[in-house]
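J.: Could you work out the structure for the sequence below:
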Amino acid sequence: MVVSEDSVIVPLSRRTALKRDWDEICSSLVNRLSLDCMYNTKEHKIHFRTNKETEETNAMQKARNYIDAYMRGFRLVDCVAFLRLDNIIVESFNVNDAKAVLKGANQSRAIGRICGVNGDIKNQIMDCTRTRIVVAGKKIHILGTPANNAVARRAMSQLIIGTKPGKIITNLQTYKERQM
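T.: Numbers count the residues shown, from 1 in each chain. Okay, here's the model as predicted:
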């Protein structure tokens, strides 16, 4: 059997969260995927590799996606979907991808429209499209199936452009009813 290795860099902003959740991350990789894992404190990288007990052919890719999603800011319980399901992806885009002329206060307002008051709009988008969304500065990360990610991205792009939130939520609720 060929042993393959991979590593993921841990950004400075996620090191405290990693310390808190390390036991769960490591046990998920070891118990679910039968991988060996370790954290290199000098390079600030998570290393993982296959061993004799690894059965899944795509275990390394699942582990990489799982850790990468966690490093982008998703909660650990949401990242576990990578270990259970095969059709989950993380899509990222910049606020300026939807409307390139946003700068300064206009850009801050666009990000505020995506989040809404107390995160209401973002939570409704996540609920209707069955996705998870992280807004990290100017970057927006979406975790879900490709079709649901496209709907969530379209809704957020319309919010950035300036469409009224009520209209977007109505369209999303119609989409949700069709999916059921």
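
J.: And the pLDDT at Val134?
T.: Predicted confidence (pLDDT) at Val134: the value is 96.

J.: any idea which element the spatially most central residue of the chain lies in?
T.: The centre of the chain sits closest to Leu143, judged by CA atoms, centre = their mean, with a distance of 4.2 Å. Take DSSP states H and E as the rule and Leu143 turns out to sit in strand 139-144.

J.: CA atoms only: put stretch 26-34 into PDB for me.
T.: Written as PDB, here are the backbone C-alpha positions of stretch 26-34 (Å, rounded to 0.1, in the frame of the first residue of the first chain):
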ATOM      1  CA  CYS A  26      -8.200  14.600  15.100                       C
ATOM      2  CA  SER A  27     -10.700  12.000  16.300                       C
ATOM      3  CA  SER A  28     -12.900  12.600  13.200                       C
ATOM      4  CA  LEU A  29      -9.900  12.000  10.900                       C
ATOM      5  CA  VAL A  30      -8.700   9.000  12.800                       C
ATOM      6  CA  ASN A  31     -12.100   7.300  13.500                       C
ATOM      7  CA  ARG A  32     -14.000   8.100  10.400                       C
ATOM      8  CA  LEU A  33     -11.300   8.100   7.700                       C
ATOM      9  CA  SER A  34      -8.600   6.000   9.400                       C
END
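
J.: Show me the shaky parts of this protein.
T.: Scanning the chain for pLDDT under 70 picks out the ranges 1.

J.: Would you tell me which helix is longest in it?
T.: In the chain, taking DSSP state H as the definition, the longest helix is helix 15-33.
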